[in-house]
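K.L.:
No letters, just coordinates:
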């Protein structure tokens, strides 16, 4: 039954993420961006099935490749998302066409990894997919938060709320 729950969680997370990515979404300055990836990672580690016991070394190599694909996909997703500030200073994000290509490439690489693992007789459960999804979401959120931290407010001030040097010169 655990496998079915994992599959339902994976499908639900992917649907929510795709819907959120296709529309402009306000990004909060919250420190809670890691909660969803953390929960997915805990779910993936909670039971057996992360590695195939019959092919432990090959299974670990495939899992490592899956995590690298997740890392690269998350970084590409974070870098290709459009980020902007509204006049009120709120931060917004939206996926671009390049984001769609990153997602498509990541899915194709994951499918190739699963196919190669199946040809080698390695069983991969949903735990590996949950782990890779957690890495993807964590890296994407981390990249967005890092990019957001370096963005200037829409009114031309510095990130800490103080006016920029040009604003000070204009006031004098």
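P.N.:
Right, received. Where do you want to start? Just so we're clear, the structure is a prediction, and the values are computed from it rather than from any experiment.
K.L.:
going forward, measure contacts and count neighbours with C-alpha atoms only.
P.N.:
OK.
K.L.:
and the most centrally placed residue in the chain, what pLDDT?
P.N.:
The central residue of the chain, meaning the one whose C-alpha is nearest the mean C-alpha position (CA atoms, centre = their mean), is residue 137 at 2.2 Å. Residue 137 is assigned a predicted lDDT (pLDDT) of 91.
K.L.:
isn't it right next to residue 76, touching?
P.N.:
No - using CA atoms under 8 Å as the test, residue 137 is too far from residue 76 to be in contact (11.2 Å).
K.L.:
residues contacting the residue nearest to the centre of the chain?
P.N.:
Listed by CA atoms under 8 Å, 6 or more residues apart in numbering, the contact partners of residue 137 are 36, 37, 74.
K.L.:
Can you tell me the element it falls in?
P.N.:
According to DSSP states H and E, residue 137 maps onto helix 126-149.
K.L.:
List the buried residues of that helix.
P.N.:
When burial is assessed from 16 or more other CA atoms under 10 Å, helix 126-149 yields the following buried residues: 126-145, 148.
K.L.:
what's the answer for stretch 113-129, then?
P.N.:
By neighbour count, and taking 16+ other CA under 10 Å as the criterion, the buried residues in stretch 113-129 are 113, 114, 117, 122, 123, 124, 125, 126, 127, 128, 129.
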